[in-house]
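Participant: only geometry, no sequence info:
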Ligand code: AMP
Ligand code: MG
């Protein structure tokens, strides 16, 4: 007789447990700012200067003193010309400076009038056809960044705009957290690599290895250094050897498949033999068989993380996004690893809720709602390629057209 089963861990409990194990990596690396996209800052970036460095013109036009233009139509002498990259001299009374966007405002001027509001009346003088307001079209020194400010904080993941900010305060190199080293394995005797066997020659029961492709891409997008060990056969000895070998010089060993309850599933007992299994089976759909543990090198104090994803492609995809992604970000020192959710109306019905919390593949439509992919089977990868995100549907919850549901976009879960 089977013993009564303990209730499965909730996704929130599993994620909390996983993050508790994710001690941030200590190593850092100095890289060119050009190459830092997607990396995580290992230090605060403090600005040594104001950005912009001085007051400058936001327009092509004329710099002047408002007091000199009491009425529209006032004519002023043009006494200097200041292109971007140059600087002028103090503005004389009753004078204007021809100025261009980005050029420093000369001392004494307190407004810029755009050239569209001016007329050159004769060589060396300009008619100002508007009454300027003090400060208009002047971009103030330090309006973007003040000297001494922390522009980007340690633990921040760098995107293109952040690279621009770092460059804008003069940094050509950045100290970032080293890349997590991840070993990737696919398990399954049915798996064949595309390119090795043409479709018309596939043996009965064989399928192409899809997971290897999206997992590698997802890992790379998260800044990981991936060693792809390819396919491991469904045999205990081969599984033990592969896991133990990879554990020596990686931070994480990531597998797909072989983590369910069948006797061909060798991952779980192998991890138990080589280290510890801290987590197995989560109350979520798809993705129930997810496993997390450690592979010992010397012992519990010197161990490599292990994450086992289910083999079904959608289960693999979704558990990677919801569990492995936050884990890998936390390893790199990112504090906030929670994806943003949006409350959006369902433009579909889900007449039967699942007893597990379910992640439905959906797509935003032009009417601002969500369409559901008709086949939500965990083997149907088309749902993930068609969809642009997930609806997080609580256990035992039905959905009717117009209900507001929680949407997480794939874009949010991939980078
Ligand atoms: P498993 O978790 O090993 O029991 O596999 C569950 C299902 O996912 C089976 O139908 C496998 O054939 C399939 N599967 C496992 N690994 C992959 C993979 N790398 N690519 C495509 N399908 C897979
Ligand atoms: Mg299998």
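Facilitator: Everything's here; your move. In this text, all values refer to a predicted model and were calculated from it rather than measured experimentally. Ligands and ions are numbered 1, 2, ... in the order given.
Participant: quick one: low-confidence ranges for the stretch 101-250 of the chain?
Facilitator: Within the stretch 101-250 of the chain, no range satisfies pLDDT under 70.
Participant: can you tell me the residue of it closest to ligand 2?
Facilitator: Here the stretch 101-250 of the chain gets closest to ligand 2 at one residue, residue 188, 4.1 Å apart by CB to the ion. C-betas here are computed from N, CA, C, even on glycine.
Participant: what's the burial count for that residue?
Facilitator: Look at residue 188: counted by other CB atoms under 10 Å, it has 19 neighbours.
Participant: I figured it hits residue 258, correct?
Facilitator: Yes - applying CB atoms under 8 Å, one finds residue 188 in contact with residue 258, separated by 6.8 Å.
Participant: so what sits against both of these two?
Facilitator: 234, 311 (CB atoms under 8 Å, 6 or more residues apart in numbering).
Participant: Show me where the stretch 101-250 of the chain has its helices.
Facilitator: 160-168, 211-221, 236-247 (DSSP state H, counting those that start in this stretch).
Participant: what's next to the first one, contact-wise?
Facilitator: What it means is helix 160-168. 33-34, 36-37, 45, 51, 144-145, 151-152, 156, 158, 174.
Participant: Output these in JSON lines; the columns should cover distance to ligand 2.
Facilitator: Formatted as JSON lines, the contacts of helix 160-168 follow (distance: CB to the ion, whole Å):
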{"residue": "33", "distance to ligand 2": "44"}
{"residue": "34", "distance to ligand 2": "42"}
{"residue": "36", "distance to ligand 2": "39"}
{"residue": "37", "distance to ligand 2": "36"}
{"residue": "45", "distance to ligand 2": "46"}
{"residue": "51", "distance to ligand 2": "55"}
{"residue": "144", "distance to ligand 2": "54"}
{"residue": "145", "distance to ligand 2": "53"}
{"residue": "151", "distance to ligand 2": "48"}
{"residue": "152", "distance to ligand 2": "44"}
{"residue": "156", "distance to ligand 2": "39"}
{"residue": "158", "distance to ligand 2": "38"}
{"residue": "174", "distance to ligand 2": "42"}
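Participant: who in the protein is up against ligand 1?
Facilitator: When proximity is defined as CB under 6 Å from any ligand atom, the chain approaches ligand 1 at 186, 188, 190-191, 207, 209-212, 256-258, 260, 310-313.
Participant: Are any of the residues you listed buried, and if so which?
Facilitator: Buried by 16 or more other CB atoms under 10 Å: 186, 188, 191, 209-212, 256-258, 260, 310-313, out of the residues of the chain next to ligand 1.
Participant: Between which two of these is the distance greatest?
Facilitator: Across these, no pair lies farther apart than 212 and 260, at 18.5 Å, counting by CB to CB.
Participant: Buried residues of stretch 71-89, list them for me.
Facilitator: Taking 16+ other CB under 10 Å as the criterion, stretch 71-89 shows 74, 76, 78, 79, 80, 82, 88 as buried.
Participant: Show me where the stretch 1-150 of the chain has its strands.
Facilitator: Using DSSP state E, counting those that start in this stretch, the strands of the stretch 1-150 of the chain run over 28-32, 45-46, 56-57, 61-64, 74-82, 95-99, 111-114, 118-122, 125-128, 138-139, 150-152.
Participant: Run through who's touching the longest one.
Facilitator: By CB under 8 Å, 6+ apart, the residues outside strand 74-82 that reach it are 62-64, 68-69, 88-89, 91-92, 94-100, 103-104, 106, 121, 124-128.
Participant: Kindly report the residues of this protein close to ligand 2.
Facilitator: By the rule CB under 5 Å from the ion, the part of the chain lying against ligand 2 is 188, 257, 258, 311.
Participant: Spit out the contact partners of the residue of the stretch 101-250 of the chain closest to ligand 2.
Facilitator: 209, 231, 234, 257, 258, 311.
Participant: go again using 7 Å as the cut-off
Facilitator: Contacts for residue 188 (CB atoms under 7 Å, 6 or more residues apart in numbering) come out as 234, 257, 258, 311.
Participant: any chance of these in JSON lines, with distance to residue 322 and secondary structure too?
Facilitator: Formatted as JSON lines, the contacts of residue 188 follow (distance: CB to CB, whole Å; DSSP: H, G, I helix; E, B strand; the rest coil):
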{"residue": "234", "distance to residue 322": "26", "secondary structure": "coil"}
{"residue": "257", "distance to residue 322": "18", "secondary structure": "coil"}
{"residue": "258", "distance to residue 322": "20", "secondary structure": "coil"}
{"residue": "311", "distance to residue 322": "17", "secondary structure": "coil"}
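Participant: Looking at the residues you listed, which is nearest residue 392?
Facilitator: Closest to residue 392, out of all of these and judged by CB to CB, is residue 311, at 23.0 Å.
Participant: Now do the closest residue to that closest one other than its chain neighbours against residue 82, distance only.
Facilitator: Leaving aside its chain neighbours, residue 311 sits nearest to residue 257 (3.0 Å; criterion: CB to CB, 6 or more residues apart in numbering). As judged by CB to CB, to the nearest Å, residue 257 and residue 82 stand 67 Å apart.
Participant: quick one, phi/psi of the residue nearest to residue 311?
Facilitator: phi 90, psi 170 (degrees, to the nearest 10).
Participant: cool, residue 268 as well?
Facilitator: Dihedral angles (degrees, to the nearest 10) for residue 268: phi -60, psi -50.
Participant: That one contacts residue 261, doesn't it?
Facilitator: No - counting by CB atoms under 7 Å, residue 268 does not reach residue 261; the two are 8.6 Å apart.
Participant: Compare those two and say which is more crowded by neighbours.
Facilitator: Between residue 268 and residue 261, counted using other CB under 10 Å, the more crowded position is residue 268 (20 against 9).
Participant: if I look at the more buried one, how far off is ligand 1?
Facilitator: Residue 268 is 11 Å from ligand 1, where distance means CB to the nearest ligand atom, to the nearest Å.
Participant: Quickly note the distance from that residue to residue 307.
Facilitator: Counting by CB to CB, the separation of residue 268 from residue 307 is 12 Å.
Participant: Report the residue ranges of every domain in the protein.
Facilitator: For the chain, the structural domains run 11-25+179-331, 30-48+151-177, 56-139, 342-414, going by automatic domain parsing.
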